[in-house]
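Engineer: sequence first, predicted model second:
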Amino acid sequence: MTQAAQRHVRRQLDKEGAGALLLGITESGCNGYMYELRYVADEAESVPGGVRTFDFDGVTVLVDNADWPLVGGTEIDYVTEGLNAVLKFRNPNASGECGCGESFSVDPANPDPGP
């Protein structure tokens, strides 16, 4: 997670009164999968299958264990494009992305990113 993304997510966590950002995946979008972000109070309320926990200078990001093979190694950035500012995902597991960057596809031959 870049410093710009950390600043943005920290502001959002404060605004939402949340303790962590949960990064998940849903089967949707024009390319197969979409990133799903949710602000949660803590790890206990996140997902029944368990999560991986990452700390970025005080910003906690949780990743659903079931989604880890699709997002492991992803960098989250916060960028300004024209008049809009958005979170951008640089996912090494993605074999393709839609034009808007909100959905992606994976090559089934890609290996699991591991722990």
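Structural biologist: Arrived safely, thanks for sending. Residues are numbered from 1 along each chain as shown.

Engineer: now do stretch 3-18: distance to the chain's middle.
Structural biologist: In this view, stretch 3-18 has its centroid 14 Å away from the chain centroid, taken as CA atoms, centre = their mean, to the nearest Å.

Engineer: for the record, mean pLDDT for it?
Structural biologist: The predicted model gives stretch 3-18 an average pLDDT of 95.

Engineer: what are the buried residues along that stretch?
Structural biologist: The neighbour-count check on stretch 3-18 (16 or more other CB atoms under 10 Å) flags Ala4, Ala5, Gln6, His8, Val9, Leu13, Ala18 as buried. For the C-beta atoms, the positions are set from N, CA and C on the backbone; glycine is no exception.

Engineer: try stretch 69-86
Structural biologist: Leu70, Val71, Gly72, Thr74, Ile76, Tyr78.

Engineer: nearest residue to the residue nearest the centre of the chain other than its sequence neighbours?
Structural biologist: Against the mean C-alpha coordinate of the chain, by CA atoms, centre = their mean, the closest residue is Leu23 at 3.9 Å. Setting aside the residues directly before and after it, Leu23 is nearest to Val63 in space (CB to CB, 6 or more residues apart in numbering), at 5.1 Å.

Engineer: convert the C-alpha atoms of the helix or strand hosting the one you found to CSV, please.
Structural biologist: Secondary structure here is read from DSSP states H and E; on that basis Val63 sits in strand 59-64. In CSV, the C-alpha atoms belonging to strand 59-64 read as follows (Å, rounded to 0.1, in the frame of the first residue of the first chain):
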residue,chain,number,x,y,z
VAL,A,59,-3.6,1.1,8.5
THR,A,60,-4.9,-2.4,8.8
VAL,A,61,-5.9,-4.2,5.6
LEU,A,62,-7.6,-7.6,5.9
VAL,A,63,-7.7,-10.0,2.9
ASP,A,64,-10.2,-12.8,2.8
